[in-house]
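Got a predicted structure plus its sequence, pasted below:
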Amino acid sequence: MLDRNQIAKRISKELQDGWYVNLGIGIPTLIANYVPEDISVVFQSENGILGMGPFPFEGEEDADMINAGKQTITAMPGASIFDSATSFGMIRGKHIQLTVLGAMEVSDRGDIANWKIPGRLVKGMGGAMDLVASADNIIVAMMHTNKRGQSKLLKSCTLPLTGVRCVKKVVTNMAVLDVTPNGFKLLERAPGVSVDDIVQATEGRLIVEGDIPEIELD
Amino acid sequence: MLDRNQIAKRISKELQDGWYVNLGIGIPTLIANYVPEDISVVFQSENGILGMGPFPFEGEEDADMINAGKQTITAMPGASIFDSATSFGMIRGKHIQLTVLGAMEVSDRGDIANWKIPGRLVKGMGGAMDLVASADNIIVAMMHTNKRGQSKLLKSCTLPLTGVRCVKKVVTNMAVLDVTPNGFKLLERAPGVSVDDIVQATEGRLIVEGDIPEIELD
Amino acid sequence: MNKVVNGAREALEGLQNDMTLMVGGFGLCGIPENCISEMVRLGVKGLTCISNNAGVDDFGLGLLLDQRQIKKMISSYVGENAEFERQMLSGELEVDLIPQGTLAARCHAAGVGMPAFYTPAGYGTEVAEGKEVRYFDGKPHIMEHAFKADFALVKAWKGDRFGNVIYKGTARNFNPLMAMAGKITVVEVEELVEPGELDPNFIHTPGVFVQRIFQGVNYEKRIEQRTVRAKN
Amino acid sequence: MNKVVNGAREALEGLQNDMTLMVGGFGLCGIPENCISEMVRLGVKGLTCISNNAGVDDFGLGLLLDQRQIKKMISSYVGENAEFERQMLSGELEVDLIPQGTLAARCHAAGVGMPAFYTPAGYGTEVAEGKEVRYFDGKPHIMEHAFKADFALVKAWKGDRFGNVIYKGTARNFNPLMAMAGKITVVEVEELVEPGELDPNFIHTPGVFVQRIFQGVNYEKRIEQRTVRAKN
């Protein structure tokens, strides 16, 4: 099984030099810690900055410099700042090469649900619906099952949707899977996790072809 | 009869303190020379500047500072520069209080034709269609009749339209007229021009009520 | 031309019960603190607020929620304060949740005189319910409309008496969009400067969009999530 | 990340016959002089050019017209050169005239992923022929679509190797809009600077929109209407 940091590290291997990347809250945020040293990527925060840098040093926080998670941040050399319409213009206009989001459920057609649980307090979708409706390359980072052990990779989402047919890849604590027209295609399995374990933990259509290698983290 | 400068001077009396104003090419451009001293207005040029100032001094021309007529200009203190989408955003969004344009024909419903003569070379509408479709306050500055003595204030325009039901006021060499639901309403007549002269020179519906004062230019 | 007014009280003249307001800011970053305080003092009620978030319990729009001055919130992300939750769950407060990019675009559209546009955001979700769906290049989009707002309340960094303003850092966010969209746009700035002091080439909001401007006072600029790294 | 290429030749790699290009500038102000010269050298033919104007006889897009490289112009105002007139009247050149604000908005829409929008401009005129008309608040609007362009050729003042750029004065015009809208956006700048030299708070076009950037050479920056007043 991978932990949250290992999921982030595995996803960091998908990054390519020169990409602009939007990372959601939670596990996706951790990916910034694992960018391979030989490539350079630019992080967008949808509240209006490209070239988001690390957190400021203590005492250097600026209330006017935050990310979409409302955390204080810094700007890298070559950063740019813009309004929210331009920010989502970049997103809708497909200028961002990769979006990584958390999810409550993903369907084997690539539908995603990550904003609302009926009966519970709804906080809103923020920028998630714009991101999933627009980006060509969406990776979901999440646990394979929920706290009750039920699969989060489903035939159909049961929760209200955030977007339809948009997720391209899912990286969980158990596996790496592509979303294909015929369902989830198992690509890699976590160390110590068997194909059978994954079959058991996946409710949606699952394609297993040939030998499934272990996830490599280094 | 008014000359071109007098038409401009008469229209300048319509200006109000604090207004943002877009002046078309030709007679409208001359209005900038007659802004009353006790008011302040800001001129927009739709290629992307608010606060257009006078022409530069000889030797101080800047190829990167032009107006929509492609003339070299200067910027006033408090000017701002922006892209063409923002510029026409101001126009469509009704943030410009007055637009003054020339015209080939105006109808008594407020239609305007000023961009195309079939059979002649067509240069394009530039920003005129956006301006007339958007502005709430459009004044046309033109000669009352064409070179063959035919009225340019018509029942219906004969030339391809630039916009429909948009002109609010017409100031010609002969008269000042409002466009009302019942046609042109004569407000003022030029020195030496009789009401009868105006009736003769106006093909569209013309409302003449009571005494028509002479245009005052000072 | 002088759009300078003498503080928030004069800036909000004409603000009445049941009006619709745009309120700039993202979280607590770039919010019009002076205008919000003045609305609390005024006690206007029944407000509809278009704002990305709804403040926290004792700051930002939370102050208006606390006094039950807001009838409806139009936001993309809310619920970071307990009173908001209580009012929403009890049905006292109407909440219209819309995608953040659509929120931004609907403000922008209002400012630039575009009554409607098509966006892919929200297609296939409950956000699309009742809305026109249309395919462009084989991809479904939904039609969204420009907002209308009686007042836009905007926070900027510096501004001049013509209403030209600039923003600082990510405090820009929704502010320039809302500045373009209010019937009356009020801007509060940290520093009022003379016309000519701001470089015309780097104005974020041209004065044409602004009706009233004033220098704010006592900015708290509270930080919601103070995250730092240690210096070694 | 390095988007810097070694001049116009490298910047236009992949530019082929029959492509659609956006070309920045208003009149001769803010036009990509280096890219235009390179296109003449390349001899690409059958181009569709989206550009507010079409240059003059011996400068700007007039240079491409002269070599009959342009099949179609999409502009708001043209005909300031004799060869253009000749080609248009003889039917060699297709010309699509559209309102200037609509031209700007269709570029912007392309950049921000909005496939269509409604504008009042052109309603009731031949521009509206064949287009959907829709009433908003009782006022008629027509539906317009985002452009598509294989290349956007942009002229800026300064830029860094991430593609962040700023424009100078009214040479901005259509350039930032087109920069957002090209499948491949090429920016030529008067001065290439290091990342960090441009203030992040005052970038006109964030680098994310730009694929290739280079420092141009030999700018002529011709003035179309030199208007001055005498010093006394």
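Great, that's in hand.

What helices and strands are in contact with the worst-scoring helix or strand of chain A on mean pLDDT?
Averaged element by element with mean pLDDT, DSSP states H and E, chain A has its least confident helix or strand at helix A:27-30 (a mean of 94). Packing partners of helix A:27-30 (3 or more C-beta pairs under 8 Å, 6 or more residues apart in numbering or on different chains; DSSP states H and E): helix A:4-12. Quick note: C-beta positions are derived from backbone N, CA and C, even for glycine.

who's in contact with the helix it packs on?
Applying C-beta atoms under 8 Å, 6 or more residues apart in numbering or on different chains, the contact partners of helix A:4-12 are A:2, A:27-28, A:30-31, A:33-36, A:100, A:139, A:141, A:171-173, A:176, A:190, A:215, A:217.

what about burial for those, which qualify?
Buried members of the contacts of helix A:4-12, scored by 16 or more other C-beta atoms under 10 Å in any protein chain shown, are A:2, A:27-28, A:30-31, A:34, A:100, A:139, A:141, A:171-173, A:176, A:190, A:215.

Looking at the residues you listed, spot the one nearest chain B.
A:V100 (31.2 Å; C-beta to the nearest C-beta).

State the number of residues packed around A:E214.
11 (other C-beta atoms under 10 Å in any protein chain shown).

How much space separates it from A:L186?
A:E214 sits 12 Å away from A:L186, going by C-beta to C-beta, to the nearest Å.

do the same with C:I98
C:I98 sits 37 Å away from A:L186, going by C-beta to C-beta.

And A:V171, by the same measure?
Distance, A:V171 to A:L186, using C-beta to C-beta: 12 Å.

Tell me where the chain has strands.
Just so you know, I chose chain A. If DSSP state E is used as the criterion, the strands of chain A fall at A:20-23, A:42-45, A:49-52, A:75-81, A:98-101, A:105-107, A:112-113, A:138-141, A:153-154, A:169-171, A:175-180, A:183-189, A:206-207.

ah, no, chain C please
C:20-23, C:47-50, C:70-75, C:94-97, C:116-119, C:133-136, C:139-145, C:149-160, C:165-166, C:182-193, C:212-215.

name the helices or strands packed onto the third one?
So that's strand C:70-75. Here strand C:70-75 touches strand C:47-50, strand C:94-97, going by 3+ C-beta pairs under 8 Å, 6+ apart.

which parts of it are buried?
For strand C:70-75, burial by neighbour count (16+ other C-beta under 10 Å) applies to C:I70, C:K71, C:M73, C:I74, C:S75.

residues making contact with stretch C:15-22?
Contacts of stretch C:15-22 with the rest of the structure, by C-beta under 8 Å, 6+ apart, involve C:39, C:42, C:44-51, C:71, C:107, C:147-153, C:174, C:178, C:181-182.

which bits of chain A sit near chain D?
Within chain A, the positions near chain D by C-beta under 8 Å from any C-beta of the partner chain are A:17-18, A:20, A:40-42, A:44, A:49-51, A:75, A:77-82, A:85-86, A:88-96, A:134.

In chain A, which residue sits furthest out from the middle?
Within chain A, A:G59 marks the point farthest from the mean C-alpha position, 31.0 Å out by C-alpha atoms, centre = their mean.

May I have the phi/psi pair for the closest residue to that residue other than its chain neighbours?
Nearest-residue entry for A:G59: C:V228, 7.7 Å, with adjacent residues in sequence omitted and distances by C-beta to C-beta, 6 or more residues apart in numbering or on different chains. Here is the backbone geometry of C:V228 (degrees, to the nearest 10): phi -140, psi 170.

in chain C, which helix or strand is least confident?
Between all helices and strands in chain C, the lowest mean by mean pLDDT, DSSP H and E belongs to helix C:82-90, at a mean of 90.

circling back to that earlier point, between A:V171 and A:L186, what contacts are shared?
A:L177.

Pull the number of nearby residues for C:E194.
Neighbourhood size, C:E194 [other C-beta under 10 Å]: 11.

and the buried residues of strand C:70-75 as CSV, adding pLDDT?
CSV is the format used below for these (pLDDT from 0 to 100):
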residue, pLDDT
C:I70, 98
C:K71, 98
C:M73, 97
C:I74, 98
C:S75, 97
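
hmm, back to that, surely the residue nearest to A:G59 is in contact with A:D62?
No: distance between C:V228 and A:D62: 11.2 Å, which falls outside the contact criterion (C-beta atoms under 8 Å).

How many residues are close by residue 104?
Using chain A here. By other C-beta under 10 Å, 18 other residues sit near A:M104.

wrong one, chain C
28.

Quick check: the closest residue to C:P206 other than its chain neighbours vs A:I81, distance?
In space, C:P206 comes closest to B:S80 once its chain neighbours are excluded; the distance is 3.9 Å by C-beta to C-beta, 6+ apart. Distance of B:S80 to A:I81, computed by C-beta to C-beta: 18 Å.

just C:T119 next, same as before
Distance of C:T119 to A:I81, computed by C-beta to C-beta: 23 Å.
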